[in-house]
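A.B. asks: Sequence first, predicted model second:
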Amino acid sequence: MFDATEEHLRAIEAVVLVAHDPVPPDLLAQLLERPVTDIERWCAELAEGYRAEGRGFELVRVAGGYRYQTHADLTPYVERFLLHDQRARLSGAALETLAIVAYKQPISRAQIASIRGVDPDGVLRTLQGRGYVDAAERDDGPGQALLYATTATFLDKLGLDSLADLPPIADFIPGADVVEALEVGLRGGPDARAG
């Protein structure tokens with residue numbers, strides 16, 4: 001009924017569809033008893049086929065594996081559908097802490113506190129509870145503090161394959177002219193410069 005390649009493509013679709021987490025290509029290779037290079041090629045063919053057909057979903061590589069997700073241009077419809085079951089959003093403090101961990105990992109609680117200027121314990125518990133960060137290792141220094149890092153769940157939720165896919169932090173830092181304008185504004189206007 002199906003040739004061997006079609007059967008393998010169908011198997012990839014079935015496994016990725018039922019998986020809770022992104023499925024690593026090496027696991028698919030083991031299940032299908034085929035080389036990883038075949039898996040990568042077939043996943044690319046599937047993804048291109050869905051794009052060409054204009055499907056409402058796509059096969060993407062995130063967090064080191066493959067998963068199905070809805071197409072980005074259908075977000076308004078999906079959001080409306082999910083609104084009744086929406087989980088609480090992360091607070092500004094949680095997002096700030098998560099960004100610090102993402103860009104500075106591995107990082108200790110004390111280092112996070114020094115950057116944010118407040119105790120991050122409650123926020124770290126929230127982020128750990130959601131599975132976005134976890135204690136990854138211990139510092140070699142005195143006290144051997146726990147060092148926090150992001151998890152595969154973090155990559156999965158952001159749709160990233162690896163931390164290298166995070167946008168450069170320089171994109172978020174304002175230029176010197178913006179900082180100067182803010183300082184002038186905070187001091188009370190342009191005539192504050194003379195004083």
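C.D. replies: That came in fine, so what should we check first? Numbering: from 1, shown residues only.

A.B. asks: rest of the way, CA atoms for contacts and neighbours
C.D. replies: OK.

A.B. asks: ok, which stretches of the protein are helices?
C.D. replies: Taking DSSP state H as the criterion, the chain carries its helices at 4-18, 25-32, 36-53, 75-82, 92-104, 109-116, 121-129, 152-158, 176-187.

A.B. asks: Nearest to Glu137, out of the ones you listed?
C.D. replies: helix 109-116 (12.3 Å; Cα to Cα).

A.B. asks: Please put the alpha-carbon coordinates of that closest one into PDB.
C.D. replies: Extracted in PDB, the C-alpha atoms of helix 109-116 (Å, rounded to 0.1, in the frame of the first residue of the first chain):
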ATOM      1  CA  ARG A 109      20.500  33.600  43.300                       C
ATOM      2  CA  ALA A 110      22.800  36.200  44.700                       C
ATOM      3  CA  GLN A 111      23.900  37.300  41.200                       C
ATOM      4  CA  ILE A 112      20.300  37.600  40.100                       C
ATOM      5  CA  ALA A 113      19.600  39.700  43.300                       C
ATOM      6  CA  SER A 114      22.500  42.000  42.600                       C
ATOM      7  CA  ILE A 115      21.300  42.600  39.000                       C
ATOM      8  CA  ARG A 116      17.600  43.100  39.900                       C
END
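
A.B. asks: buried ones in it?
C.D. replies: For helix 109-116, a neighbour-count test (16 or more other Cα atoms under 10 Å) marks Arg109, Ala110, Ile112 as buried.
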